[in-house]
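>>> Mind folding the following:
(chains A, B, C, D, E and F)
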There are 6 protein chains.
Amino acid sequence: MPFVKIHITREGTEPGLDAATAEQKAALIHGVSKLLLDVLGKPMEATFVVIDEVETANWGWGGLPVDEFRAKQNAPHSE
Amino acid sequence: MPFVKIHITREGTEPGLDAATAEQKAALIHGVSKLLLDVLGKPMEATFVVIDEVETANWGWGGLPVDEFRAKQNAPHSE
Amino acid sequence: MPFVKIHITREGTEPGLDAATAEQKAALIHGVSKLLLDVLGKPMEATFVVIDEVETANWGWGGLPVDEFRAKQNAPHSE
Amino acid sequence: MPFVKIHITREGTEPGLDAATAEQKAALIHGVSKLLLDVLGKPMEATFVVIDEVETANWGWGGLPVDEFRAKQNAPHSE
Amino acid sequence: MPFVKIHITREGTEPGLDAATAEQKAALIHGVSKLLLDVLGKPMEATFVVIDEVETANWGWGGLPVDEFRAKQNAPHSE
Amino acid sequence: MPFVKIHITREGTEPGLDAATAEQKAALIHGVSKLLLDVLGKPMEATFVVIDEVETANWGWGGLPVDEFRAKQNAPHSE
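Purely as a prediction, here's the structure:
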């Protein structure tokens, strides 16, 4: 009966991908459901998982849209 | 002042539809708002409803993306 | 398979009550689940409902904690 | 370490815009993160903000999809 | 940067417990964070997890508060 | 009409406090509502804010309950 909502940015893990793949999403769904079975004994049939993919422009970190935050983190002499 | 968030899969209720229709969404919005008025006396003007339509690839059930879970449920001799 | 989260303030509907009663919560749960069955054909066994009761000090409306907002709304000559 | 989720309708603030602009989103992200720093001393690097843009057909107010609710509010002799 | 919210009922996994233990919560937190690292390469330092424990009276399943739903499921000759 | 949900840990900002104070919560509510007015022109009366205070045992960061994560971050020679 658990409900798990996973918020991630919509982006790929390697060049050429612009979002998590169907295989990656399936792995997240299986992994979370299995975890709730192992830790709390929840039957997998009783767990719902929702993956909420958020555009990077809509995700803030460090007071900035995440792409800007990352660029700043990686900049030489950044503080 | 209630806030209700309804998560559903983005899919139609009959062939030819690929999502809930505007009429169905309006019925959900009205029904939930009316329920809060009837049960708790909340004025309808004070209730917000958000419908979050989730792609089926992003919804997990039984440790699988929901389309796979349903196919397995319906398969003969499935376990 | 829908998941519905209902946010309400933790307060009673009449003197002597400081929260929604078990009967009121059951009515919300039944009403929402029935609505999803009627409008979208979702089996009631496939719908989860969570009621999130929020302390009034933690709920803001009109830029104020809700108790202050209501007091201001009801004040004579309020603006 | 705070996590803030801002739900807004997907619509523009002036003619010709159909959604919040990148600048407006950045201003929301910065403003919320700065607020948590000022009020609770949370380092900006430890705050995540997600902006959830909701189609107007999926947002209910007053028991109606929000566009219909607004039209009714603005109508002469509306009740 | 992922944010994961896990909704579970507040109840124990064995007699004498009335909620998930600190060890079980830690196992959920570690397991979800590790999963996001393994599947999407997200550094564990960049993942937040929130466990939302919901009173059973506030969780609905099958149109009933979950305790009633389970009692009905387990009843002989239930329909 | 925006709805903003702020998740923070339930802890005080100085010795002797074990949670955000009523004044701090009011400042968060006012600040967020004012921000939505300034950036998107949303009337303050149309914004709801909910503050969700999460026990530190229920908040994970870096794969650990947040108190353990912080202790590890502050430890000398930690890795």
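>>> which SSE is the residue in chain A that chain D sits nearest to in?
Nearest to chain D in chain A, going by C-beta to the nearest C-beta, is residue A:60, at a distance of 3.1 Å. (Glycine included, C-beta is placed from N, CA and C.) Using DSSP states H and E, the element containing residue A:60 is strand A:59-61.
>>> What's the first helix or strand after that strand?
strand A:64-65.
>>> ok, residues contacting that next one?
A:56-59, A:72, D:22, D:25-26, D:29-30 (C-beta atoms under 8 Å, 6 or more residues apart in numbering or on different chains).
>>> Residue A:37 and residue A:31 touch, don't they?
No - counting by C-beta atoms under 8 Å, residue A:37 does not reach residue A:31; the two are 10.8 Å apart.
>>> Flag every buried residue along the lengthiest helix in chain A.
In chain A, taking DSSP state H as the definition, the longest helix is helix A:22-40. By 16 or more other C-beta atoms under 10 Å in any protein chain shown, the buried positions in helix A:22-40 come out as A:24-33, A:35-37, A:39-40.
>>> show me the contacts for residue A:51.
Contacts of residue A:51 (C-beta under 8 Å, 6+ apart): A:6, A:8, A:20, A:25, A:28-29, B:54, B:58-60.
>>> try it again with 10 Å
A:4-8, A:20, A:24-25, A:28-29, A:32, B:54-55, B:57-60, B:65, E:2 (C-beta atoms under 10 Å, 6 or more residues apart in numbering or on different chains).
>>> Also residue A:29?
Taking C-beta under 10 Å, 6+ apart, we find residue A:29 in contact with A:4, A:6, A:44, A:47-51, B:57-66, B:68-69.
>>> Could you do residue A:73 as well?
Residue A:73 makes contact with A:61-62, A:64, D:45, according to C-beta under 10 Å, 6+ apart.
>>> of those, closest to residue E:76?
The closest of these to residue E:76 turns out to be residue A:61 (C-beta to C-beta; 54.6 Å).
>>> Now look at the strand or helix carrying residue A:5 and say if it contacts chain C.
Taking DSSP H and E as the criterion, residue A:5 maps to strand A:3-9. Yes - judged by C-beta under 10 Å from any C-beta of the partner chain, strand A:3-9 and chain C are in contact via A:3, A:5.
>>> who does that strand pair up with?
strand A:48-54 (parallel), strand E:3-9 (antiparallel) (DSSP bridges).
>>> can I get those strands in a markdown table with mean pLDDT?
Shown next, in a markdown table, are those (pLDDT from 0 to 100):
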| stretch | mean pLDDT |
| --- | --- |
| strand A:48-54 | 98 |
| strand E:3-9 | 98 |
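>>> do stretch A:10-19 and chain E meet?
Yes - Stretch A:10-19 reaches chain E (C-beta under 10 Å from any C-beta) through A:11-14.
>>> Which members of those residues are classed as buried?
Buried among these (16+ other C-beta under 10 Å): residue A:11.
>>> Tell me the one among the residues of stretch A:10-19 next to chain E nearest to residue C:76.
residue A:11 (54.9 Å).
>>> re the thing from before, just want the angle from the longest helix of chain A to helix E:22-40.
170 degrees (axes from the mean of the first three to the mean of the last three C-alpha atoms, to 10 degrees).
>>> any weak-confidence spans in chain A?
Chain A contains residues with pLDDT under 70 at A:77-79.
>>> Would you mind naming what in chain A lies close to chain C?
Close to chain C, as judged by C-beta under 10 Å from any C-beta, chain A has residues A:1-3, A:5, A:46, A:48, A:50.
>>> Reformat the residues you listed as CSV; add neighbour count and distance to residue F:76.
Shown next, in CSV, are these (neighbours: other C-beta atoms under 10 Å in any protein chain shown; distance: C-beta to C-beta, whole Å):
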residue, neighbour count, distance to residue F:76
A:1, 22, 44
A:2, 23, 39
A:3, 20, 41
A:5, 21, 37
A:46, 15, 45
A:48, 24, 44
A:50, 21, 41
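>>> what's the farthest-apart pair in these?
The widest separation within the residues of chain A next to chain C (C-beta to C-beta) is 16.1 Å, between A:5 and A:46.
>>> if we can go back for a sec, among the residues of stretch A:10-19 next to chain E, which are in helices?
Short answer: the residues of stretch A:10-19 next to chain E have none in helices (DSSP H).
>>> okay, among the residues of stretch A:10-19 next to chain E, which ones form the most distant pair?
Counting by C-beta to C-beta, the most remote pair of the residues of stretch A:10-19 next to chain E is A:11 and A:14, 10.4 Å apart.
>>> Any idea how far apart the tips of stretch A:30-48 sit?
10 Å (C-alpha to C-alpha, to the nearest Å).
>>> chain center to that stretch, what's the gap?
18 Å (C-alpha atoms, centre = their mean, to the nearest Å).
>>> And stretch A:51-70, by the same measure?
12 Å.
>>> buried ones in that stretch?
Applying 16+ other C-beta under 10 Å to stretch A:51-70 flags A:51-54, A:56-66, A:68-69 as buried.
>>> Tell me the spacing between the nearest residue to residue A:10 once chain neighbours are set aside and residue C:26.
Setting aside the residues directly before and after it, residue A:10 is nearest to residue A:53 in space (C-beta to C-beta, 6 or more residues apart in numbering or on different chains), at 4.0 Å. Distance from residue A:53 to residue C:26, counting by C-beta to C-beta, to the nearest Å: 35 Å.
>>> again, but for residue A:43
24 Å.
>>> quick one: contacts for the one residue in chain A that gets nearest to chain F?
With C-beta to the nearest C-beta, the shortest gap between chain A and chain F falls at residue A:7, namely 11.4 Å. Residues near residue A:7 by C-beta under 10 Å, 6+ apart: A:50-54, A:59, D:3, D:5, D:48, D:50, D:52, E:1-5, E:48.
>>> next one: residue A:76
Contacts of residue A:76 by C-beta under 10 Å, 6+ apart: none found.
>>> so it, which of the three states?
coil (DSSP: H, G, I helix; E, B strand; the rest coil).
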